[in-house]
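Novice: Sharing a model prediction with you, sequence too.
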Amino acid sequence: MIETAKIGFFSRKGSFSDRWISYCKERGISYLLLNPFSVDFLERARKLKAFLWHWPHSDPKYMIMAKHLTIAMEKLGILVFPDFNTVWHFDDKIAQKYLLESINAPFPKTWVFFDKVEALEWIHQAEYPLVFKLHTGAGAQNVKLVNNKKDAEKLCQIAFGKGFQPYPSYFADSKIKIRKIRSLKTFLVKLSRMPRMLSLTKSYRSKLAPCKGYIYFQEFLPNNDFDIRITVIGNRAFGFIRYNRPGDFRASGSGNIHYDLNKIDPRCVKLAFELNSKIKAQSIAFDFLTDRDGNYKVVEISYGYQDIAVYNCPGHWDNELRWHPGHVWPEDAILEDILAKI
């Protein structure tokens with residue numbers, strides 16, 4: 001029992017905090033619930049040794065203040081999850097480009113332009129297809145295949161004109177959402193949530209500024225029916241594969257997850273550990289695809305993910321690539337790593 005540990009959580013229903021609070025209650029670990037949006041948060045947080053919250057990419061208020069507050073808490077000597085190394089590049093593909101290039105990670109060729117004339121000159125001589133991305137968006141949102149120069153030019157005109165709405169409409173990816181409905185009960189739950197979700201979508205879309213003033217293209221990696229996701233938490237790596245959406249090149253957000261260990265190349269596990277030894281993230285998911293030569297490339301990284309997808313892994317590897325069978329909640333692994341440092 002760790003009665004004297006001064007741990008704080010921000011309780012957000014449906015986030016990792018649900019599990020963290022249950023974990024502490026079951027083990028008699030004392031904790032405080034604090035609201036990071038309150039005006040006196042930092043004053044109250046000074047008494048803490050650690051503060052954990054699980055914030056999303058979609059809510060504009062988090063994107064405005066969460067990274068700044070993380071740095072402020074670390075200046076106070078508070079252990080934070082997610083800490084700065086874990087989160088500064090979260091939901092920012094431009095930041096991830098610079099990070100992955102700086103640590104010499106295997107990464108698809110990527111071009112980001114901040115000048116329209118320069119971008120158009122490049123577009124006229126580029127080889128297609130290419131992948132266009134906005135810097136923000138999860139679940140393959142804001143990612144599309146560009147098949148020719150004409151389509152790239154249209155995107156460029158928008159990027160350096162009115163810009164793109166970064167938050168999708170509620171009915172985006174409707175086919176994927178419908179396919180995930182497996183029962184009448186699930187359908188009724190989703191139906192009951194629709195008014196609130198429509199209201200939130202309208203609110204978020206009105207608050208987020210359009211993405212403009214840059215354009216991002218990435219090398220297209222063909223012949224990938226699925227990606228490999230390796231999630232590293234401390235000395236643990238969890239792996240699964242995600243098959244592409246039907247008739248699509250994108251796996252992210254498909255919901256078609258499989259846990260076939262024979263399809264998870266140990267090279268990806270080893271590479272994920274090696275890369276995170278440089279990134280030093282507390283928890284990070286790597287998405288791998290192969291290039292034309294069969295080499296693995298990291299196409300995206302993220303601290304945010306669905307906990308159940310990791311928990312359903314039949315086991316995990318340690319950094320010596322030894323296999324440990326058994327299900328583990330990622331929230332438990334994260335909290336245990338924080339407790340070990342207190």
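Specialist: Received it, and whenever you're ready, just let me know what you need.
Novice: Next one: the most centrally placed residue in the chain from Lys212, what distance?
Specialist: Centroid check for the chain by C-alpha atoms, centre = their mean gives Ser302 as the closest residue, at 3.1 Å. According to C-beta to C-beta, to the nearest Å, Ser302 and Lys212 sit 24 Å apart. Placement of C-beta: from N, CA and C, glycine included.
Novice: Also Glu274?
Specialist: Counting by C-beta to C-beta, the gap from Glu274 to Lys212 is 36 Å.
Novice: Lys144 now?
Specialist: For Lys144, the distance to Lys212 - C-beta to C-beta - is 17 Å.
Novice: same thing with Trp55?
Specialist: Taken as C-beta to C-beta, the span from Trp55 to Lys212 is 25 Å.
Novice: just Ala251 next, same as before
Specialist: Taken as C-beta to C-beta, the span from Ala251 to Lys212 is 28 Å.
Novice: more neighbours, those two?
Specialist: Ala251 (24 against 14; other C-beta atoms under 10 Å).
Novice: contacting residues around the more buried one?
Specialist: Residues near Ala251 by C-beta atoms under 8 Å, 6 or more residues apart in numbering: Ala140, Asn224, Phe226, Asp227, Arg242, Tyr243, Asn244, Arg245, Asp287.
Novice: swap in Lys341?
Specialist: Here Lys341 is in contact with Ala50, Leu79 (C-beta under 8 Å, 6+ apart).
Novice: cool, Gly213 as well?
Specialist: Taking C-beta under 8 Å, 6+ apart as the test, what Gly213 contacts is Phe114, Ala159, Phe160, Gly163.
Novice: which SSE is it in?
Specialist: Counting by DSSP states H and E, Gly213 is held by no secondary-structure element, helix or strand.
Novice: pLDDT at Ser199, what is it?
Specialist: Listed pLDDT for Ser199 reads 55.
Novice: Ser254 now?
Specialist: Looking at Ser254, the pLDDT reads 65.
Novice: Of the contacts of Gly213 - the most surrounded one?
Specialist: Most surrounded of the contacts of Gly213: other C-beta under 10 Å gives Ala159, at 23 neighbours.
Novice: Quick check: beta-bridge partners of the closest residue to that one other than its chain neighbours?
Specialist: The shortest distance from Ala159 to any non-neighbouring residue, by C-beta to C-beta, 6 or more residues apart in numbering, is to Ile215 (4.2 Å). Bridge pairing for Ile215 (DSSP bridges) gives the partners Phe113.
Novice: likewise Lys144?
Specialist: Assigned bridge partners for Lys144, using DSSP bridges, are Phe132.
Novice: Please verify my assumption that the residue nearest to the centre of the chain contacts Ser283.
Specialist: No: Ser302 is not in contact with Ser283 according to C-beta atoms under 8 Å; the separation is 9.6 Å.
Novice: between the two, what contacts are shared?
Specialist: Counting by C-beta under 8 Å, 6+ apart, nothing touches both Ser302 and Ser283.
Novice: Could you check how far the residue nearest to Ala159 is from Val112?
Specialist: 7 Å.
Novice: Same drill for these two, tell me which one is more crowded.
Specialist: Each of Ile215 and Val112 has its neighbours counted (other C-beta under 10 Å); Ile215 has more, 28 against 16.
Novice: can I assume that one is in contact with Lys154?
Specialist: No: Ile215 lies out of contact with Lys154 (C-beta under 8 Å); the separation is 11.1 Å.
Novice: where does the stretch 151-300 of the chain dip in pLDDT?
Specialist: 167-208, 246-247, 252-254 (pLDDT under 70).
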